[in-house]
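1. coords please:
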Amino acid sequence: MIKFVLMVNRRGQTRLSRYYTPVELSRRAALEADVVRCCLSRRKEQCSFVEYKDFKLVYRQYAALFIVVGITDKENELSIFELIQNFVEVLDKYFSRVSELDIMFSLDRVHFILDEIVQNGLVVETNRSRILTPLNAIDKMSDS
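-> Modelled structure (predicted):
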């Protein structure tokens, strides 16, 4: 099961955070800082799977952004690694070459896309066109 999804830049600033298990607000900042420090300090040659406290971290770097997913011990790391790739491809398709600014200024759209892919910590959809269909319909309605 997925516990959380974080998107951070190289400076460690959180651009997106979505929690699927309850974490107190007072603990979130410390958890995010510790997770980001753990992932950003690793070299590119090192594995993208990290054992961290009572769960695992799976992360990928895309230009200046890191996407970090916290998962339970029973979850398949490679499937989550590919899920991150799929998420970025969907963002690229929607924003036509997604950037950090797209994420900052269209955070509601990014959350919508993530919610179409993952619900309650479980992957429910991976087909790019099915993920974007509701969002494109909303955009079409708002344009008219």
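2. where along this protein do the helices fall?
-> 25-40, 77-95, 100-105, 107-117, 128-143 (DSSP state H).
3. will you turn those helices into JSON lines that also has mean pLDDT and distance to Ala64?
-> Where C-beta positions appear, they are placed from N, C-alpha and C, glycine not excepted. Output for the helices of the chain, formatted as JSON lines (pLDDT from 0 to 100; distance: least, C-beta to C-beta, whole Å):
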{"stretch": "helix 25-40", "mean pLDDT": "91", "distance to Ala64": "11"}
{"stretch": "helix 77-95", "mean pLDDT": "96", "distance to Ala64": "13"}
{"stretch": "helix 100-105", "mean pLDDT": "93", "distance to Ala64": "6"}
{"stretch": "helix 107-117", "mean pLDDT": "96", "distance to Ala64": "16"}
{"stretch": "helix 128-143", "mean pLDDT": "93", "distance to Ala64": "23"}
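4. With distance to Phe55 and mean neighbour count added, can I get those helices in CSV?
-> Listed next are these as CSV, based on distance: least, C-beta to C-beta, whole Å; neighbours: other C-beta atoms under 10 Å:
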stretch, distance to Phe55, mean neighbour count
helix 25-40, 10, 14
helix 77-95, 11, 17
helix 100-105, 24, 14
helix 107-117, 19, 17
helix 128-143, 25, 12
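5. Just put those helices in CSV and tack on distance to Met1.
-> Output for those, formatted as CSV (distance: least, C-beta to C-beta, whole Å):
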stretch, distance to Met1
helix 25-40, 17
helix 77-95, 11
helix 100-105, 25
helix 107-117, 14
helix 128-143, 20
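6. mind checking which of the ones you listed is nearest Phe4?
-> Across the helices of the chain, Phe4 has its closest neighbour in helix 25-40 (8.2 Å, C-beta to C-beta).
7. Show me what the closest one is packed against.
-> Packing partners of helix 25-40 (3 or more C-beta pairs under 8 Å, 6 or more residues apart in numbering; DSSP states H and E): strand 2-9, strand 14-19, strand 49-52, strand 55-62, strand 65-71.
8. For Val123, which residues count as its bridge partners?
-> Beta-bridge pairing of Val123 under DSSP bridges involves Val118.
9. State the number of residues packed around it.
-> Counted with other C-beta atoms under 10 Å, residues neighbouring Val123 total 15.
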